[in-house]
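Visitor: take a look and give me a structure for this.
(one chain, ligands or ions: 4)
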Amino acid sequence: MKAMNVLENLSEILSVKGPKDINIASITYDSRKVEKGSLFVAIRGFKLDGHDFIEDAIKNGAVGVIGEKEMNLPDGVLYVRVKNSRKALSQASSIFFGKPAEKLKIVGVTGTNGKTTTTYLIKAILDEAGLPSGVIGTVGLCIKDKVLPSERTTPESLDLNRIFVEMLDEGVEYVSMEVSSHSLKLHRVDDIRFEVGVFTNLTQDHLDFHESFDDYYSSKKKLFYLSKRAAINIDDPNGRRMCGELDIPTLTYAIEGKADLKAEDVRIDSNGVTFKLNFYGKQKNIVYKVPGKFSVYNSLAAISACLFLGIDLDTMAKALEKVRGVPGRFEPVDEGQDFTVIVDYAHTPDGLENVLMTIKSFVKGKIITVFGAGGDRDRSKRPLMGRVVSEYSDYFIITSDNPRSEDPEAIINDIEKGLDKNSKYEKIVDRRAAIKRAIEMASRGDVVLIAGKGHENYQIIKDEVIPFDDREVAREFLKEKGRMR
Ligand SMILES: CC(=O)N[C@H]1[C@@H](OP(=O)(O)OP(=O)(O)OC[C@H]2O[C@@H](n3ccc(=O)[nH]c3=O)[C@H](O)[C@@H]2O)O[C@H](CO)[C@@H](O)[C@@H]1O[C@H](C)C(=O)N[C@@H](C)C(=O)N[C@H](CCC(=O)O)C(=O)O
Ligand SMILES: Nc1ncnc2c1ncn2[C@@H]1O[C@H](COP(=O)(O)OP(=O)(O)OP(=O)(O)O)[C@@H](O)[C@H]1O
Ligand SMILES: N[C@H](CCC[C@H](N)C(=O)O)C(=O)O
Ligand SMILES: [Mg+2]
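Guide: Ligands and ions are numbered 1, 2, ... in the order given. Alright, predicted model coming up:
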């Protein structure tokens, strides 16, 4: 593509130096991925500054550069100075790949908890309706039935465009994607026009990245400036606030309050949830075989979004009844033992409270929880997570999640600050040993909750990513315990 075509799509150019008639063979924001003919976009990062890698990029074959700083590049290399490189990356990628997002119907789901689950439920409904779809989110990328790993919940704009093209090539028409607050703030989704934006809830997380809760809220709100229509959980105080501030067609959903879609006669037990959906007098029985009040909310979120897509309630009810859960979300590990083991991705105070409240409602014996908190993430959520776990568990083991660059013991100490005084617990830094201990001590009727890592099949310790899967580790010790009997 001619550089001129890319330039025409950039909204905030400050200056252009060098030849505009060059051909761009590819775009990248990482100098290590530059090829002959690449356009390199220099991003001022949180750790590094892409401008420091311009020389490398040119050595590797870049013919053009987009950046924010005043630069003098060698003759023959195009330099486009813009106000915001991340915004420019989104605009350049969209035009370079032929605006693939415009050819897809994309539903964006935002909120602190429930994004992954809701996107999966939407996909299940689209499948039942016979509409070819894809999913983009924490657990990975789904292109029709193909599943690929993903590094981020919401990929960088350039990568998103590449994924959209791949989806279109495979015949995908609908995309159900998670939209993280990071992605909204860092302009990863700026050039997507969402058919529907969904708001699940907003509670504390990511206060390391967002300077305040208000900044977190405003980032989430941006999704609705990019959406044609909205589906909002109006039982959530921030959902109510959001609703009052939007002027696009909106469907609200609730269990408690007044809403367009209301769940009535809600029944929750260890097998899942059932409720009567009331949508302006139209009623439909919904069965979803994953327990928890949050399962009702996630079903309502998916139904609201799919109503906007024109899917009928019968199809939706059929689809939800068939869903057998989402990887790592309230996932049972069953080796025939006489107690329950659940692996769940809860990694926020609210997520933990929801999952523990659900367990409390059906547990016959003790609740034993194994959990930690991620390193290089919001530190202020750690004592709050500790408080919630100590409030609901009969016994718990504080261990490591993904410590990343931090000292695992220091993270555990942060969690410990929030504990209830009467807590019965121990600290075991090694997650494998912690899971082993919980399984050894469990007896008939107990529930062992292993929280925080869900579907993750790795653990990040310093710079190392080691293979680790809570489900496999639990299975191994369950088998061992079975053999000892
Ligand atoms: C905080 C955050 O989102 N950081 C993202 C940000 O990194 P950064 O700006 O700090 O990058 P950097 O390492 O400082 O480097 C600056 C630039 O120099 C470039 N570079 C670097 C080295 C080199 O040799 N050559 C080179 O060109 C880099 O490619 C980058 O463009 O831009 C990078 C490039 O797009 C992202 O990879 C990176 O995501 C990191 C890995 C990350 O962990 N992000 C997490 C926090 C995140 O986004 N999480 C949300 C999920 C939240 C949720 O689910 O609740 C998500 O959507 O996944
Ligand atoms: N609607 C909900 N409200 C509160 N908690 C929920 C809800 N749905 C799921 N949870 C809990 O939060 C955990 C994470 O759920 P899920 O993965 O769907 O959220 P997410 O928003 O995608 O998270 P992430 O930000 O990490 O991508 C679940 O394992 C469950 O314990
Ligand atoms: N998307 C979330 C996931 C947290 C999962 C938990 N296992 C951790 O590593 O903190 C984040 O990146 O903050
Ligand atoms: Mg997710």
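
Visitor: number of residues surrounding Leu226?
Guide: 17 (other Cβ atoms under 10 Å). C-beta: built from backbone N, CA, C; applies to glycine.

Visitor: tell me what the residue lying closest to it once chain neighbours are set aside is bridged to.
Guide: Excluding its sequence neighbours, the residue lying closest to Leu226 (Cβ to Cβ, 6 or more residues apart in numbering) is Phe194, at 5.6 Å. Beta-bridge pairing for Phe194 (DSSP bridges): Ser227.

Visitor: measure Phe194 to Leu104 for me?
Guide: 10 Å (Cβ to Cβ, to the nearest Å).

Visitor: more neighbours: which of those two?
Guide: Legend: neighbour count by other Cβ under 10 Å for Phe194 and Leu104, higher for Phe194 (26 against 18).

Visitor: so which bits of the stretch 101-250 of the chain are right by ligand 2?
Guide: Contacts of the stretch 101-250 of the chain with ligand 2, taken as Cβ under 6 Å from any ligand atom, map to Gly111, Asn113, Gly114, Lys115, Thr116, Thr117, Thr138, Thr153, Glu178, Thr200, Asn201.

Visitor: and the residue nearest to Leu226, what is it in contact with?
Guide: Going by Cβ atoms under 8 Å, 6 or more residues apart in numbering, Phe194 touches Ile106, Val107, Gly108, Val179, Leu223, Leu226, Ser227, Lys228.

Visitor: ok, Ala88 next?
Guide: Leu10, Glu12, Val41, Ile66, Val80, Val82.

Visitor: what's the closest non-adjacent residue to it?
Guide: Val82 (4.4 Å).

Visitor: and Lys360, by the same measure?
Guide: The nearest residue in space to Lys360 (Cβ to Cβ, 6+ apart) is Tyr392, at 5.9 Å.

Visitor: what's the burial count for the residue of the chain found nearest ligand 3?
Guide: For the chain and ligand 3, the shortest gap (Cβ to the nearest ligand atom) falls at Gly374, measuring 2.0 Å. For Gly374, the count of nearby residues is 20 (other Cβ under 10 Å).

Visitor: what helix or strand does Glu472 sit in?
Guide: helix 470-484 (DSSP states H and E).

Visitor: buried residues in that helix?
Guide: Asp470, Arg471, Val473, Ala474, Arg475, Glu476, Phe477, Leu478, Lys481 (16 or more other Cβ atoms under 10 Å).

Visitor: ok, stretch 91-101 next?
Guide: Buried residues in stretch 91-101 (16+ other Cβ under 10 Å): Gln91, Ala92, Ser93, Ser94, Ile95, Phe96, Phe97, Pro100, Ala101.

Visitor: which one of the residues you listed is nearest to ligand 2?
Guide: Ala101 (20.9 Å).

Visitor: which residues does the closest one contact?
Guide: Ser94, Leu160, Asn161, Phe164, Asp191, Ile192, Arg193.

Visitor: closest one of those residues to Asp145?
Guide: Checking these against Asp145 by Cβ to Cβ gives Phe164 as the nearest, at 17.9 Å.

Visitor: where does the closest one fall, helix, sheet strand or coil?
Guide: helix (DSSP: H, G, I helix; E, B strand; the rest coil).

Visitor: so who does the residue nearest to it when sequence neighbours are not counted touch?
Guide: Once flanking residues are discounted, Phe164 sits nearest to Pro100: 3.7 Å by Cβ to Cβ, 6+ apart. Each residue near Pro100 by Cβ under 8 Å, 6+ apart is listed here: Ser94, Asn161, Phe164, Val165, Met167, Leu168.

Visitor: ok, Ser423 next?
Guide: By Cβ under 8 Å, 6+ apart, the neighbours of Ser423 are Ser390, Phe396.

Visitor: name the element it belongs to?
Guide: Counting by DSSP H and E, Ser423 is part of no helix or strand.

Visitor: quick check on it: phi, psi?
Guide: Backbone dihedrals for Ser423, given as degrees, to the nearest 10, come out at phi -60, psi 140.

Visitor: picking that back up, could I get the pLDDT score of the residue nearest to Ala88?
Guide: Val82 carries a pLDDT value of 98.

Visitor: what's the distance between it and Ile22?
Guide: In terms of Cβ to Cβ, Val82 sits 17 Å off from Ile22.

Visitor: which positions in the stretch 201-350 of the chain make contact with ligand 3?
Guide: Near ligand 3, when you scan the stretch 201-350 of the chain using Cβ under 6 Å from any ligand atom, you find His347.

Visitor: could you find the closest non-adjacent residue to the residue in the stretch 201-350 of the chain positioned nearest to ligand 4?
Guide: Residue nearest to ligand 4 within the stretch 201-350 of the chain (Cβ to the ion): Tyr345, separated by 7.6 Å. Leaving aside its chain neighbours, Tyr345 sits nearest to Gly454 (2.9 Å; criterion: Cβ to Cβ, 6+ apart).

Visitor: got it, and Glu166?
Guide: Here the residue nearest Glu166, using Cβ to Cβ, 6+ apart, is Ile143, at 6.3 Å.

Visitor: likewise Arg86?
Guide: His187 (4.1 Å).

Visitor: would the one you found count as being in a helix?
Guide: No - counting by three-state DSSP, His187 falls outside a helix, being coil.

Visitor: how close does the residue of the chain closest to ligand 3 sit to Ile367?
Guide: Distance of Gly374 to Ile367, computed by Cβ to Cβ: 22 Å.

Visitor: now do the helices in the stretch 101-250 of the chain.
Guide: Under the criterion DSSP state H, counting those that start in this stretch, helices of the stretch 101-250 of the chain are mapped to 115-128, 157-169, 181-185, 213-225, 237-245.

Visitor: wondering if stretch 271-279 reaches ligand 2 at all.
Guide: No - for stretch 271-279, no contact with ligand 2 is found by Cβ under 6 Å from any ligand atom; the gap never falls below 11.9 Å.

Visitor: quick one: that stretch to chain centroid distance?
Guide: 25 Å (Cα atoms, centre = their mean, to the nearest Å).

Visitor: which positions in it come out as buried?
Guide: Those would be Gly272, Val273, Thr274, Phe275, Leu277, Asn278, Phe279, for stretch 271-279 by 16+ other Cβ under 10 Å.

Visitor: can you check stretch 175-192 too?
Guide: 175-181, 183-192.

Visitor: check stretch 408-426 too.
Guide: In stretch 408-426, counting by 16+ other Cβ under 10 Å, buried: Pro408, Ile411, Ile412, Asp414, Ile415, Glu416, Gly418, Leu419, Ser423, Tyr425.

Visitor: how much space between the residue nearest to Phe164 and Val341?
Guide: Where Val341 is concerned, Pro100 sits at a distance of 42 Å (Cβ to Cβ).
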